[in-house]
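K.L.:
Provided below are the primary sequence and the corresponding predicted coordinates.
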Amino acid sequence: MKPVRIPYAKGVIEKDFSPYNITAVLESKAHHYKPTLSQEEIVEKALDNPIASRSLEEQVKGKNNMVIITSDHTRPVPSSITLPILLRRIRAVNPKIDIKILIATGYHRATTKEEMLDKFGKEIVENETLINHVSKDDTSLGYVGVLPSGGDLWLNKIALETELLIAEGFIEPHFFAGFSGGRKSVLPGVAGAKTVLANHCSEFIASDYARTGIIERNPIHKDMVFAAEKAGLRFILNVVIDSDKNIIEAFAGHSEKAHEKGCKFVLEQSKIEETPVSDIVITSNGGYPLDQNIYQAVKGMTAAEPCCSPEGIIIMVAACNDGHGGEDFYRSMAEAASPREVLDNVMKIPRGETKPDQWEYQILARILDRFKVILVTDQCDPKMISDMHMEHAYTLDEALERALEEKGRDAEITVIPDGVSVIVK
């Protein structure tokens with residue numbers, strides 16, 4: 001058996017699992033996908049062949065201004081490749097158009113200057129107008145209407161008031177929206193805090209349809225599509241990436257139809273046909289930038305849920321160098337006597353009274369109510385981890401040894417090197 005490479009921060013942990021009782025190593029086929037074109041050529045080809053839409057160039061002609069929604073620091077969208085291509089093609093047909101780049105922070109904190117430089121590159125940061133969306137700044141929001149779920153739809157005025165709204169992003173499995181990309185650039189990307197809270201209510205998070213790889217009948221997805229339509233999202237460029245964060249495919253065009261085609265491609269690459277069940281499941285969040293905090297690391301844990309036997313152990317490998325990722329998220333877990341208490345309390349909260357970060361601690365509590373989680377990191381405060389009802393280990397070897405002591409030396413083990421890249425049901 002070859003050593004398995006598990007992404008961690010900006011590097012990898014390489015582990016030889018030959019001595020152990022390995023049931024399966026679950027990987028997305030996307031990680032081994034070999035495109036025949038360069039990353040730039042893949043993007044150009046997608047833009048040359050828009051899906052169910054007029055070309056970007058046609059839509060740009062005659063416009064005085066436009067907004068490009070882009071992802072924030074928590075998403076590994078290769079914007080240093082995609083944005084220059086978009087900007088060049090736009091200005092080739094409309095050199096004087098005013099372009100604003102709106103960073104879709106959703107409910108996250110603002111992206112810092114250093115993170116912008118890392119994500120977009122020096123030339124874009126120094127020469128383009130980059131604006132962080134701030135979901136809690138009511139003065140920056142405009143009221144649009146009522147979501148299908150009944151919540152009020154508030155969106156960033158910059159997005160609403162422009163002559164042309166487009167978005168760039170990437171598509172991967174998402175633990176409650178089904179897939180990332182497309183409509184998510186608008187909701188939660190540039191939506192008001194109250195709108196995000198309404199969409200992420202406990203009722204919807206608990207739905208069997210609000211799961212990885214599911215869009216049909218997903219109440220969260222339904223709200224998101226509605227928001228994108230109301231915002232007037234006219235064009236998207238969404239890419240698919242491999243484990244090295246390199247572009248392997250791209251989809252451009254109609255915000256819903258191009259996204260749907262991209263989701264089908266990702267499903268084909270990511271779906272695990274047969275799900276093994278093991279006593280111990282090792283997973284990760286795919287390394288930087290998604291493993292920066294515990295909040296994001298919950299995503300990788302959900303991939304382990306279907307693979308883990310009752311009262312089994314999930315070993316989560318995530319640097320979490322940015323800490324817990326949300327004060328409300330942390331306190332809601334730390335101040336509860338148990339994960340079950342968190343779940344019982346959260347299900348009593350009405351749809352219209354969703355609390356900050358409620359969705360994340362609801363899912364974490366769901367996992368911890370059924371499994372023990374050992375979080376592997378040497379970049380995070382161990383007490384914070386234990387406060388949140390998880391165990392801490394500095395290394396993967398330490399966590400694995402502890403799990404084997406509890407489950408037996410012959411315990412079956414499933415390894416998911418990149419938990420956010422697979423669809424396990």
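P.N.:
That came through fine.

K.L.:
So the closest residue in space to residue 64 that isn't next to it in sequence versus residue 216, what's the distance?
P.N.:
Excluding the flanking residues, the one nearest residue 64 by CB to CB, 6 or more residues apart in numbering is residue 163, at 6.0 Å. Glycine gets a C-beta too; all of them are placed from N, C-alpha and C. Counting by CB to CB, to the nearest Å, the gap from residue 163 to residue 216 is 33 Å.

K.L.:
same check, this time on residue 189
P.N.:
22 Å.

K.L.:
The two: who's more crowded?
P.N.:
When neighbours are counted by other CB atoms under 10 Å, residue 189 and residue 216 differ, and residue 189 comes out ahead with 32 against 8.

K.L.:
Pull the contacting residues for the more buried one.
P.N.:
69, 71, 104, 105, 106, 133, 167 (CB atoms under 8 Å, 6 or more residues apart in numbering).

K.L.:
Max pairwise distance over those residues: which two?
P.N.:
105 and 167 (13.7 Å; CB to CB).

K.L.:
Comparing those two, which shows the higher neighbour count?
P.N.:
Neighbour totals were compared for residue 105 and residue 167, and residue 167 leads with 30 against 20 (other CB under 10 Å).

K.L.:
Secondary structure class of that one, three-state.
P.N.:
With DSSP: H, G, I helix; E, B strand; the rest coil as the basis, residue 167 sits in strand.

K.L.:
who are the neighbours in contact with the residue lying closest to residue 286 once chain neighbours are set aside?
P.N.:
Take residue 286 and drop its neighbours on the chain: the residue closest to it by CB to CB, 6+ apart is residue 418, 4.4 Å away. The contact partners of residue 418, by CB under 8 Å, 6+ apart, come to 6, 7, 27, 28, 31, 243, 284, 285, 286, 287, 300.

K.L.:
Narrow the residues you listed to those in strands?
P.N.:
Counted as lying in strands by DSSP state E, out of the contacts of residue 418, are 6, 7, 284.

K.L.:
how about the second one, what does it touch?
P.N.:
Put plainly, it is residue 7. By CB under 8 Å, 6+ apart, the contact set of residue 7 is 243, 284, 285, 286, 287, 288, 291, 417, 418.

K.L.:
Kindly recompute the last result at 7 Å.
P.N.:
Residue 7 makes contact with 243, 284, 286, 287, 418 under the criterion CB atoms under 7 Å, 6 or more residues apart in numbering.

K.L.:
my read: the second one touches residue 317, true?
P.N.:
Read that as residue 284. Yes. The pair residue 284 and residue 317 passes the contact test of CB atoms under 7 Å, sitting 4.2 Å apart.

K.L.:
Grab the two from the contacts of residue 7 that are most spread out in space.
P.N.:
The most widely separated members of the contacts of residue 7, counting by CB to CB, are 243 and 284 (10.5 Å).

K.L.:
Looking at those two, which is more packed in?
P.N.:
Per other CB under 10 Å, whichever of residue 243 and residue 284 has more neighbours is residue 284, with 31 against 18.

K.L.:
can you tell me how far the more buried one sits from residue 415?
P.N.:
10 Å.

K.L.:
same thing with residue 64?
P.N.:
Where residue 415 is concerned, residue 64 sits at a distance of 53 Å (CB to CB).

K.L.:
and the two? which has more neighbours close in?
P.N.:
The residue with more neighbours, out of residue 64 and residue 415, is residue 415; 23 against 11, by other CB under 10 Å.

K.L.:
Look at the more buried one and give its secondary structure.
P.N.:
Per three-state DSSP, residue 415 ends up strand.

K.L.:
Might one say that it is in contact with residue 17?
P.N.:
Yes. Using CB under 7 Å, residue 415 is in contact with residue 17, at 6.4 Å.

K.L.:
Can you work out which residues contact both of these two?
P.N.:
By the contact definition CB under 7 Å, 6+ apart, residue 415 and residue 17 are jointly contacted by residue 4.

K.L.:
picking that back up, intersection of neighbour lists for residue 284 and residue 317?
P.N.:
6, 8.

K.L.:
per-domain residue ranges of this structure.
P.N.:
4-26+272-421, 39-269 (automatic domain parsing).

K.L.:
just how off-centre is the last one within its chain?
P.N.:
Relative to the mean C-alpha coordinate of its chain, domain 39-269 is positioned 12 Å out (CA atoms, centre = their mean, to the nearest Å).

K.L.:
One more: stretch 335-352?
P.N.:
Distance of stretch 335-352 from the chain centroid (CA atoms, centre = their mean) equals 24 Å.

K.L.:
what's the first-to-last distance across that stretch?
P.N.:
23 Å (CA to CA, to the nearest Å).

K.L.:
List of residues touching it?
P.N.:
Stretch 335-352 is contacted by residues 149-151, 198, 201-203, 206, 332-333, 355, 358, 361-362, 365-366, 368-369, 389 when judged by CB under 7 Å, 6+ apart.

K.L.:
at 6 Å instead, please
P.N.:
Stretch 335-352 is contacted by residues 201, 202, 203, 361, 362, 365, 368, 369, 389 when judged by CB atoms under 6 Å, 6 or more residues apart in numbering.

K.L.:
ok, now stretch 359-371?
P.N.:
If you take CB under 6 Å, 6+ apart as the criterion, stretch 359-371 is touched by 200, 202, 205, 295, 298, 301, 308, 312, 314, 329, 332-333, 339-340, 342-343, 346, 389.

K.L.:
Now intersect those residues with the strands, please.
P.N.:
Secondary structure defined by DSSP E assigns 308, 312, 314 of the contacts of stretch 359-371 to strands.

K.L.:
So what are the sheet partners of the strand or helix carrying residue 142 and their directions?
P.N.:
For residue 142, the enclosing helix or strand under DSSP states H and E is strand 141-146. When pairs are called by DSSP bridges, strand 141-146 turns out to pair with strand 152-156 (antiparallel).

K.L.:
Before I go, just wanted to say thanks for your time.
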